[in-house]
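Q: Below: sequence and its predicted model.
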Amino acid sequence: MTGRISIGVLLCVCCYTIHYSIADDIQDNACYKDENGISCHKTTYKLTRLESSFVGSIKEVVLTDGTELELKTLSLKPLIFELPNFLSEEECNHFRSLAHDIGLEPSQTLKEKTENTNFNILDLDGDRKLSVPEMRVTIEEAFDVYPHDEDILEMYAETGLDANNDGFITPNELNKLKPSDLQRYVRSFVQNQPEKHARLSNQVWLYPDNSTDSVFERIQKRVSEIVALPIELVKLSDFQVVQYGIDGHYNAHYDSTPVDSKYPCCVRFDKRNCRICRYMTILFYLNDVQEGGETAFPVADDEMFNATEVKLDKRNLFQKCDEAKLKVLPAKGKAVIWYNHFIDNTTQWLGQLDQYSIHGGCPVKKGKKWIGNFWIKVTDNKDEDIKRMEKFI
């Protein structure tokens, strides 16, 4: 089924989305300036969420500049859309050139950046001993390194950790290996096998609020329009350009973290003990990939979703990409949109993490892959977020 919609004003101060007619009295921006200074719609402003009733539905979207796009539903759990030709060829090339000019650096996950000698032992079945898969998952969780089961057995042989060679590690056996020694072993291991990093790529950061690049500003406005969120909120977000070579990948992960009142949401360059809060992700493909490099959602629309099974068997996309429930093929200019969080019914702001939103990048088999990640960020505190938005008025 194909429908056609036109987008006029896209700030949603009511619970409309772009699938419905937009009321004439909706404001153009979340905040505005008048003789009394800057004011914002604090009481009525809500996060928006595109809607779809079934996988495969297609809607034609006409932007205010006349651009026509197709919005196709790829999944309902999590809610995922794709828009072919969201970026022009010139815009894709511009971001790649900009990344080269700024200077790409090796990508690192947070766990790879930090010294980690205090980590959880994942005895998933509670039998007080670690099987080979449980030890593998323990290392994955602690260090963002993804060994195979055979690598774990080799580690046992080299360290003497499995004293009785039964394939299980008891608390007494584990106590013989210091956490710092395990960390050194894992780092040495991954230096020799870099493809077993959780992430193998190069990247550069761009920040909407600090940029004067006209192409970037144009894309921000287009993103604001298509997702029905105000440009002021988009400017609080982060943008990352990423390059993947042969074997480049990013194993399955969440772009955000669960709601937890003990830890505040991080703001940019935050040094506190905080959590990542990315309401939604817009991913752009900046080139055509010769082979591989799909974006995979291992449990998309999987009614049999099981969190333990995901940890044990579905995150290693370098090895198991083909088993993912949904794989999105890269195509230059295509945008993929998904929601990492639901909307809280009370605050109409950041809600619970969508457990189905786990995703990653399959290995590139031939050529290179370039993408852009646009993360729309909010915090738990709507009033504080709106205060930060005021500076763009």
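A: Everything's here; your move. Since the model is a prediction, treat every value here as computed from it, not as a measurement.
Q: tally of neighbours for the residue lying closest to Leu283 once chain neighbours are set aside?
A: Once flanking residues are discounted, Leu283 sits nearest to Val336: 4.6 Å by C-beta to C-beta, 6 or more residues apart in numbering. (Each C-beta comes from the backbone N, C-alpha and C, glycine too.) By other C-beta atoms under 10 Å, 21 other residues sit near Val336.
Q: and the helix or strand where Val336 lies, average pLDDT?
A: Using DSSP states H and E, Val336 maps to strand 335-339. The pLDDT scores in strand 335-339 average 98.
Q: how far out from the middle of the chain is that strand?
A: Its chain's C-alpha centre and that of strand 335-339 lie 10 Å apart, by C-alpha atoms, centre = their mean, to the nearest Å.
Q: After it, which helix or strand is next?
A: Downstream of strand 335-339 (by DSSP H and E), the next one is strand 341-343.
Q: Given the helix or strand following that next one, what are its sheet partners and their directions?
A: Helices and strands here follow DSSP H and E; after strand 341-343, the next one along the chain is strand 350-353. Strand pairing for strand 350-353, using DSSP bridges, gives strand 341-343 (antiparallel).
Q: mind listing the helices for the stretch 101-250 of the chain?
A: Here the stretch 101-250 of the chain has its helices, by DSSP state H, counting those that start in this stretch, at 110-113, 132-143, 149-159, 171-174, 179-192, 214-227, 231-234.
Q: Gly293 versus Lys369, what's the distance?
A: Here the distance between Lys369 and Gly293 works out to 4 Å (C-beta to C-beta, to the nearest Å).
Q: Can you pull out the low-pLDDT segments for the stretch 1-150 of the chain?
A: Filtered on pLDDT under 70, the stretch 1-150 of the chain yields the residue ranges 1-44, 115-117.
Q: The same query, at a cut-off of 80, please.
A: For the stretch 1-150 of the chain, applying pLDDT under 80 flags the ranges 1-45, 112-118.
Q: For the residue nearest the centre of the chain, what is the enclosing helix or strand?
A: Against the mean C-alpha coordinate of the chain, by C-alpha atoms, centre = their mean, the closest residue is Asp255 at 3.0 Å. Using DSSP H and E, Asp255 maps to neither a helix nor a strand.
Q: phi, psi of Glu97?
A: Wrong residue type there; residue 97 is Ser, not Glu. Backbone torsions for Ser97, taken as degrees, to the nearest 10, come to phi -60, psi -40.
Q: Could you check how many residues crowd around it?
A: Ser97 has 11 nearby residues by other C-beta under 10 Å.
Q: how much space between it and Asp288?
A: Where Asp288 is concerned, Ser97 sits at a distance of 17 Å (C-beta to C-beta).
Q: got the domain boundaries for the chain?
A: By the assignment in automatic domain parsing, the chain contains the domains 74-107+200-392, 110-196.
Q: what's the span of the last one from first residue to last?
A: In domain 110-196, first residue to last residue: 16 Å (C-alpha to C-alpha, to the nearest Å).
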